[in-house]
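Novice: got a predicted model here, sequence first, then my questions.
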Amino acid sequence: MEIMISSELCRLVPGFTAGIIRYRNIEVGPSPQMLKGRLQLFQESIYFDLEDKNLTEFDGIKEWRQIFKQVGKDPNRYRHSAEALYRRIKKQNYLQSVHSAIDTNNFFSLKYEVPIGIYDMDKVNGDIEIKIGNESEEYIGLNGRVNSLANLIVSKDELGPFGSPFVDSERTAVSTETKNALQIIYLRPSLDSNESQKLTESLMNMFLQIHGGEGHFTMIGCE
């Protein structure tokens, strides 16, 4: 499986970078108490931070809002997934535990203020392109709605788009049946390559600690 970034996306967001992690032979199940506890405590900490700070003062939230603008999407109408999580916490609508893979994803997305997608690799077909969605592209998202993908960053395989920093699709959703997974970390272009690599490796190591199996990461970006 090859993963590439479209030339149009590189033109609009010259520093676009993603951390790509492939997992094999993992076991997804109920989250261990350690993860559930850390997720709850971290949400409470963010809630108290939000009493004194606006959402747009968080560097990662602000930077990804700007990226949405650069690709032609109004960030006031379309919230990237990390911002959506922060907005839930601001209303004290805390994230409940789903399963170990989603909980790990959410924890790191909150910690680093970036969108992160995780996909069942056995439901992804062929090579992947990270690109700008067009007017005809849509899918049923994890929000239960049909989502138009026009002017959104999307990940697309041979069957069509399946993921986005806005909302991911139902088609490639990870479940407790998932054995092989693909994780895409939509990094902040302002991070240097060393910081981006450390963040990606840190996420991979925690994921493997919880789920077992094997993992391998690579970094891709616009030249």
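Specialist: On my side now, so go ahead.

Novice: residue ranges with poor pLDDT in the chain?
Specialist: In the prediction, the chain carries no residues with pLDDT under 70.

Novice: mind listing the strands for it?
Specialist: Counting by DSSP state E, the chain has strands at residues 3-5, 17-24, 116-120, 128-132, 138-140, 146-148, 153-157, 160-163, 181-186, 214-221.

Novice: and the last one, what other elements does it pack with?
Specialist: If contacts are counted by 3 or more Cβ pairs under 8 Å, 6 or more residues apart in numbering; DSSP states H and E, strand 214-221 sits against strand 3-5, strand 17-24, helix 193-211. (C-beta placed from N, C-alpha, C; glycine too.)

Novice: strand 181-186 and the longest one, what's the angle between them?
Specialist: Taking axes from the mean of the first three to the mean of the last three Cα atoms, to 10 degrees, one finds that helix 193-211 is oriented at 150 degrees with respect to strand 181-186.

Novice: now distance to E170 and mean neighbour count too, for the strands of the chain, in TSV please.
Specialist: Output for the strands of the chain, formatted as TSV (distance: least, Cβ to Cβ, whole Å; neighbours: other Cβ atoms under 10 Å):
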stretch	distance to E170	mean neighbour count
strand 3-5	21	16
strand 17-24	20	21
strand 116-120	11	24
strand 128-132	18	20
strand 138-140	5	17
strand 146-148	10	16
strand 153-157	14	24
strand 160-163	9	23
strand 181-186	16	25
strand 214-221	25	15
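
Novice: could those strands be laid out in a markdown table, adding distance to Q66?
Specialist: Formatted as a markdown table, the strands of the chain follow (distance: least, Cβ to Cβ, whole Å):
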| stretch | distance to Q66 |
| --- | --- |
| strand 3-5 | 18 |
| strand 17-24 | 15 |
| strand 116-120 | 18 |
| strand 128-132 | 16 |
| strand 138-140 | 25 |
| strand 146-148 | 21 |
| strand 153-157 | 13 |
| strand 160-163 | 21 |
| strand 181-186 | 13 |
| strand 214-221 | 17 |
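
Novice: can you say which of those is nearest to H99?
Specialist: strand 116-120 (10.8 Å; Cβ to Cβ).

Novice: give the pairing partners of that closest one; include direction for each.
Specialist: Taking DSSP bridges as the criterion, strand 116-120 pairs within the sheet with strand 181-186 (antiparallel).

Novice: how about G163: what's its closest non-neighbour residue?
Specialist: Using Cβ to Cβ, 6 or more residues apart in numbering and skipping the chain neighbours, the partner closest in space to G163 is S155 (4.0 Å).
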